[in-house]
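Peer 1: what follows is a predicted protein model with its sequence.
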Amino acid sequence: MTLTFAPARPRALSLLKPTGHLTLGNYLGALRPMAATQEHSDCFYGLADLHSLTVAHDPARLRALVAEQAATLIAVGLDESTLFVQSHVPTHSQLAYLLECVATTGELGRMIQFKEKGRGVDSTRASLFTYPVLMAADILLYRPEQVPVGDDQRQHVELTRDLAQRFNATYGPVFAVPEIVTPPTGARVMDLADPTGKMGKSGAVDGPGVIRLLDPPDVVRRKVARAVTDSDVGPGAVRREREAKPGVTNLLDVLEACGGSAEGLTTYGALKRAVTDAVVAELQPVQRRYAEVVADRAHVTEVFARGAARAREVTGPVLAAAYGAIGL
C-alpha cells in the first residue's frame, strides 16, 4: 500500500523530554526558533513523556513537569502550532512496536547514548535500549520531508531512515524517508558555572549555573553575578575568545542573544550587569504570560486535547497503512 502525502505547508516536528525545568538555553536555542517556524510550517510540537520513562523517575514529578512545560509552550507563543503530549497519541507507541519488529539488537546496541548511559551500571531499563525505535516512530508518523538534527541525535535519525527503508523494502512503501538536514546555528547557551557544558534542564533542581525560564529577576541576578569568568582583568578583558575565555564568551553570547550589546563594556562587573538586564527583559514577557496561562488550566487542557486529536487524525492513516502492510 502506498500512502500519498502532499501537505499544503512543510511539516515541522519537535518533541521535548520533560526531565527538568526549561532553561534560558532551551528558550534561546529551541523554543524561540520554534515559535518563528510557525509562520511558514505546519508545526507539531510535543512533550515526550514516554521517553522520560527510560530511567528511574518520580511519577508525581513527571506529571508536574509535563503540566509546567505544557503551560510554558503556550506562554512562549507556540499555541499557533499543534501541541500534544506523546502518551495521549497512542499511534506513537503502536508504531514503535512494529518498527521494533524490523530493528535489530545489533544496531540498537551500537547507539552511542545507550552505551554512555549504561556505562558503569549492572543493568538498565529495556526501554533505554529500545527508545531510539520510539523516536523513529515519533518522526515517521508525521512523514516530514526533512529532519533538522544536531550531532547528538544524528545517529538516531540515521536509524530512523534505515528502519523506514527496511520496512518499505520488506513490506511495501509506507513511510517517507526523511532527509537529515543541519539546522541553522541557534543560540548555544552554556552553564554559567561550567561554560564547557550546555545549560541543561536535567539533573539538579536548581544548579548554580542554570537560569530557569521561570527564575525571578533576583535569582537571575544572583546566578549571573556568580558566573565563571577568568583572571584576566586588564584592558580588553571583555572579549569573545571561546577556547581561552569560555565563561566570558558565553556571557557575551547570552547578552547578544537577548538583544543586548557589549559595546562600551570594559569590566566583568559591567558585563554581568548588562547580561542580567538583558536576560530579565527577555524573560519577563514569557513569565507574565505563563502566570496568565496557569491561572486558566482549562485552557491548557483544551489546547493540548485539541492538539492530540489532530495528531491522532494525522498519524492514524500512517499507522493503518503500516499495520496493513505488515500483515495485521
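Peer 2: It's in.

Peer 1: quick one, strands of the stretch 1-150 of the chain?
Peer 2: Read by DSSP state E, counting those that start in this stretch, the stretch 1-150 of the chain holds these strands, from start to end of the chain: 11-16, 42-47, 82-85, 146-148.

Peer 1: tabulate these (TSV), appending mean neighbour count.
Peer 2: (C-beta placed from N, C-alpha, C; glycine too.) Compiled in TSV, the strands of the stretch 1-150 of the chain are given as follows (neighbours: other C-beta atoms under 10 Å):
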stretch	mean neighbour count
strand 11-16	20
strand 42-47	23
strand 82-85	24
strand 146-148	18
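
Peer 1: out of those, which is closest to Ala227?
Peer 2: strand 11-16 (25.5 Å; C-beta to C-beta).

Peer 1: can I get the closest one in PDB, CA atoms only?
Peer 2: Extracted C-alpha coordinates of strand 11-16, given in PDB (Å, rounded to 0.1, in the frame of the first residue of the first chain):
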ATOM      1  CA  ARG A  11       5.900  20.000   8.400                       C
ATOM      2  CA  ALA A  12       8.000  20.800  11.400                       C
ATOM      3  CA  LEU A  13       8.200  18.400  14.300                       C
ATOM      4  CA  SER A  14       9.900  18.600  17.700                       C
ATOM      5  CA  LEU A  15       9.400  16.700  20.900                       C
ATOM      6  CA  LEU A  16      10.800  18.000  24.300                       C
END
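
Peer 1: just checking, what packs against that strand?
Peer 2: With contacts defined as 3 or more C-beta pairs under 8 Å, 6 or more residues apart in numbering; DSSP states H and E, the secondary structure elements packing on strand 11-16 are helix 32-37, strand 42-47, helix 126-140.

Peer 1: following element in sequence after the helix or strand containing Lys223, please.
Peer 2: Assigned by DSSP states H and E, Lys223 falls within helix 217-225. The first helix or strand that comes after helix 217-225 along the chain, using DSSP H and E, is helix 246-257.

Peer 1: who's in contact with that following helix?
Peer 2: Residues external to helix 246-257 that are found in contact with it (C-beta atoms under 8 Å, 6 or more residues apart in numbering): 24, 28, 187-190, 192, 195-196, 224, 227-230, 237-242, 261-262, 268, 271-272, 274-275, 278-279.

Peer 1: rounded mean pLDDT for it, please.
Peer 2: Within the predicted structure, the mean pLDDT of helix 246-257 is 95.

Peer 1: likewise stretch 24-42?
Peer 2: When pLDDT is averaged along stretch 24-42, the result is 90.

Peer 1: quick one: end-to-end length of that stretch, please.
Peer 2: Counting by C-alpha to C-alpha, to the nearest Å, the length from the leading to the trailing residue of stretch 24-42 is 25 Å.

Peer 1: what is the longest helix anywhere in the chain packed up against?
Peer 2: Across the chain, the longest stretch assigned as helix under DSSP state H is helix 297-326. Contacts of helix 297-326 with other secondary structure elements, assessed using 3+ C-beta pairs under 8 Å, 6+ apart, are made with strand 42-47, helix 59-75, strand 82-85, helix 91-100, helix 154-171, helix 268-294.
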